[in-house]
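> the sequence and its predicted three-dimensional model are supplied below.
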Amino acid sequence: MEDQTESASPGVSNQSRRQSTGLHLACRECQRKKIKCDRTYPCGQCTRSGLPCHSSTRKPRAKAGAKAVDAELRNRIAKLERLVESFQGDDTGNDTQLVPPVAPQAKSQHTSLPGSESTGARQNSDSPTSPIDAASSYTNKYVAGTFWSSLTSEVKALADAFEEDGALSDDDLASPGTTPPSAPYALDAANGAAAGYELILCPPGVLYVMPGALQDPTPEKSAELIHNFLQYVEPSYKIFHVPTLAAFLQEGQPYLHRAPDAPCNKALRASVYFAGINAYTEEECQATYGKPLNQMVQEFRRNVDVALYQADPLNTTETATLQALVLYVASVRVMDPSRRAWSLIGLLVRIARAMGIHREIGGESPFMAEIRRRLWYNIVFLDCYASVDRGSEPAIHPETFSRLLPLNVNDVDFDESSTSIASREGITDTSISLIAMEGSVLALKFSLPEDSTAGAAQSWQTRLELAYEYQRSVNDKFLRHCDPTNMKHHMMIIGTGTAAANAMILRAVRPIHIHPNSVPPRVDSPWVMELALNILRHANMTWEQLTGRWRRMPWVPWHAIGVALAGLCSIRGTDQANEAWILVEQSMACYGENVADSPTGMLWRPIAKLYQKAKAFRDQPEIKAAAPIPVNMDLAWNDPTVTQQPVVMNTGTAGPMDPMGMPADVFNFPPDMHASLPSDNSWLDWESILKDMDEIKGDDMLLM
């Protein structure tokens, strides 16, 4: 009966069924065809087309619980508070207390910090497909530890090398008397939210500075900072014309034809303040500001970062902006041993070239020509300093600029209206900086690769002759005019000039960069040792004289320390060796904490390994030395057949040698004598440290 009823009136039955099953959404087929649906089931469109009708459902809404909402709000509030605190001078400890704790759930969802360990990471740590997450304890302490971990999973020999290096503890490799540096590092989150970022690299318009967020120092503090800069910082670099700069800083006059409140001049003023606060000692800062020096440096660094950002240094054509950036980079290295300053020097070189600072330009006024010469050669000096500081190659090629050296003049000898500037003889305001600038040009030539077309550094004889020429130039221009009774002349000019000349000669016979086709003879160990000791004597004397007075960009004599330690691996029992140990340990204790990337960094580690080797040789029982082994002067740097025979010398020396009086042709041996020359084992130790450093630099290049 029911079947007959249904078959008799199918249309009525289907219509009633569709009307009783109303839908709020169009069916899937109508949505796919993008046609109007009558929102019944089955719909009329599907019925006429003979297609199965599938109803649509809404996606479930996210059910945000109270905990998730609370965590999100806390996370946003924490970000806002960190942003506000980055513009305030509050103490770091108070800053930490002001930030509310973030819920664990929000932290896992919204925070991903390098080095943090999550549950998923722990679960996958044993997986062979994720070597980066399974970083070993030996590779974590190196730069880019995840890269080393990935590489050691593929190269077993490299893993063994890391484990062998890691077998020596940090206490074993630590320098005598050194402690980890207290200076803030490049990405130290404790120094504020903005401390790990270079604001000067931000494009214009992306930052907003709240009114009143950055406070200028009071007039009294400003005058003291300017005095510190002019007294302690400016004479060492000689970037500026002091009368013109002082009129701008102290009297508010225009600077380089720009208003005192122009962005370029505001950046210059902030950079001067930053350099001035860096010249303080910890005790002076506590007495003046009542705050730790690191905190004050970070406050002034925020100010100069924002001021430089507003001056747009990446696109600038203003000389004052480039001066501010050069001074900023030099000041950063005073407290920051990371590679921030080293990286920014490449930026300096590019900006200077874009502005034409690197070449002489016709039509320049004598005043602007002199200002730009000082500016360019300070960039050259910073490039050479950074390359030596980190054992790397400089960024500037010696034949890519034509700007002349600055004149040997006093600042009172010229001004903006001068039509000509005459160089002086004797000691002037620029004498100290000229010694460094001329040495920087020579250092660029020493860094040329052997296949360079310049040809200035093709042989060690050429390098040695250039070093002697620099020594004679420094002596004729400056040292012979000094008054030994004048403390400034004795410490800053005589000491600096002598140490610079010794350093150039030492780099000629013990090069920082490998020159396998031009290896100096291995018979110069006592003379080379005396060169290194002269540098260490000056470094230790400077350290004692400047301790407790003012701070400056650290010049770590790691090259001289390495050469001296290489010699001490084969010499002991002499007066020279005993003095060398005293000077080396003093230098490592004084300068170890200022070395690039800290005492446990990659630059200091080969020095520490060499120190352990020399110390072991010194402490072992004395035995009769074996006969010297003749070697071929064409010995390769990586010859595995070379064996080192330690030489024990029990005879004392008559007195300290004078390396400055050594003739330039001291190593001009006939070809038939090369095969009979004795082996100098200290050279082989120096080769070892160079190879260690080159491997580090080569591995760093793989990361670029």
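Everything's here; your move.
> quick one: low-confidence parts of the stretch 551-700 of the chain?
Counting by pLDDT under 70, the ranges of the stretch 551-700 of the chain that qualify are 551, 553, 597-602, 622-700.
> quickly list the domain ranges of the chain.
Following automatic domain parsing, one gets these domains for the chain: 2-49, 69-109, 173-336, 510-702.
> mind naming the longest helix for the chain?
If you go by DSSP state H, the chain has its longest helix at helix 366-390.
> what's that helix packed up against?
Applying 3 or more Cβ pairs under 8 Å, 6 or more residues apart in numbering; DSSP states H and E, one finds that helix 366-390 contacts helix 319-335, helix 340-355, helix 431-446. Where you see a C-beta, it was placed from the backbone N, CA and C, and this is true even at glycine.
> what average pLDDT does the following helix or strand past the last one get?
Sequence order places helix 460-477 as the next helix or strand after helix 431-446, per DSSP states H and E. Averaged across helix 460-477, the pLDDT comes to 90.
> and helix 460-477, what's buried?
Neighbour counts over helix 460-477 (16 or more other Cβ atoms under 10 Å) mark 460, 462, 463, 464, 466, 467, 468, 470, 471, 473, 474, 477 as buried.
> burial check on residue 206, number of neighbours?
Residues near residue 206, counting by other Cβ atoms under 10 Å, number 8.
> helix, strand or coil for it?
Counting by DSSP: H, G, I helix; E, B strand; the rest coil, the backbone at residue 206 sits in coil.
> and it, how far from residue 310?
Noted for residue 206: a distance of 12 Å to residue 310, by Cβ to Cβ, to the nearest Å.
> again with residue 70
Separation of residue 70 from residue 310 (Cβ to Cβ): 38 Å.
> out of the two, which sits in the busier spot?
Legend: neighbour count by other Cβ under 10 Å for residue 70 and residue 310, higher for residue 310 (18 against 13).
> average pLDDT across the strand or helix carrying that one?
In the assignment (DSSP H and E), residue 310 maps to helix 293-311. Computed over helix 293-311, the mean pLDDT rounds to 91.
> buried ones in that helix?
Buried residues in helix 293-311, counted by 16+ other Cβ under 10 Å: 293-311.
> can you check what angle separates that helix from helix 319-335?
Interaxial angle of helix 293-311 relative to helix 319-335 (axes from the mean of the first three to the mean of the last three Cα atoms, to 10 degrees): 160 degrees.
> which secondary structure elements does helix 293-311 contact?
helix 263-278, helix 282-289, helix 319-335.
> and the last one with helix 340-355, angle?
The directions of helix 319-335 and helix 340-355 differ by 160 degrees, with the same axes, to 10 degrees as the criterion.
> helix 319-335 - contacts with which helices or strands?
Applying 3+ Cβ pairs under 8 Å, 6+ apart, one finds that helix 319-335 contacts helix 263-278, helix 293-311, helix 340-355, helix 366-390.
> if we go to 10 Å?
Under the contact definition 3 or more Cβ pairs under 10 Å, 6 or more residues apart in numbering; DSSP states H and E, helix 319-335 sits against helix 234-237, helix 242-251, helix 263-278, helix 293-311, helix 340-355, helix 366-390.
> report the mean per-residue pLDDT for that helix.
In this model, helix 319-335 has a mean pLDDT of 93.
> and that helix, which residues are buried?
Buried residues in helix 319-335, counted by 16+ other Cβ under 10 Å: 319-335.
> ranges for the helices of the stretch 451-600 of the chain?
For the stretch 451-600 of the chain, applying DSSP state H, counting those that start in this stretch gives helices covering 460-477, 487-488, 495-509, 525-546, 558-568, 575-591.
> for the last one, list the C-alpha coordinates in PDB.
What follows is helix 575-591, C-alpha atoms only, in PDB (Å, rounded to 0.1, in the frame of the first residue of the first chain):
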ATOM      1  CA  ASP A 575     118.500  35.400  28.900                       C
ATOM      2  CA  GLN A 576     116.400  36.200  25.900                       C
ATOM      3  CA  ALA A 577     114.100  33.200  26.400                       C
ATOM      4  CA  ASN A 578     113.600  34.000  30.100                       C
ATOM      5  CA  GLU A 579     112.700  37.600  29.300                       C
ATOM      6  CA  ALA A 580     110.500  36.400  26.500                       C
ATOM      7  CA  TRP A 581     108.500  34.300  28.900                       C
ATOM      8  CA  ILE A 582     108.000  37.200  31.200                       C
ATOM      9  CA  LEU A 583     106.800  39.500  28.400                       C
ATOM     10  CA  VAL A 584     104.600  36.900  26.800                       C
ATOM     11  CA  GLU A 585     102.800  36.000  30.000                       C
ATOM     12  CA  GLN A 586     102.300  39.700  30.900                       C
ATOM     13  CA  SER A 587     100.900  40.400  27.500                       C
ATOM     14  CA  MET A 588      98.600  37.500  27.500                       C
ATOM     15  CA  ALA A 589      97.300  38.400  30.900                       C
ATOM     16  CA  CYS A 590      96.800  42.100  30.000                       C
ATOM     17  CA  TYR A 591      95.400  41.800  26.400                       C
END
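> so what does that helix touch, helix or strand wise?
If contacts are counted by 3+ Cβ pairs under 10 Å, 6+ apart, helix 575-591 sits against helix 525-546, helix 558-568, helix 604-619.
> list the buried ones in it?
By 16+ other Cβ under 10 Å, the buried positions in helix 575-591 come out as 576-577, 579-581, 583-591.
> can you list those in a markdown table and add distance to residue 344?
As requested, these are exported to a markdown table (distance: Cβ to Cβ, whole Å):
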| residue | distance to residue 344 |
| --- | --- |
| 576 | 41 |
| 577 | 41 |
| 579 | 39 |
| 580 | 36 |
| 581 | 38 |
| 583 | 33 |
| 584 | 32 |
| 585 | 34 |
| 586 | 32 |
| 587 | 28 |
| 588 | 28 |
| 589 | 30 |
| 590 | 26 |
| 591 | 23 |
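> is it true that residue 236 touches residue 430?
No. Contact criterion Cβ atoms under 10 Å: residue 236 and residue 430 do not qualify, at 11.1 Å.
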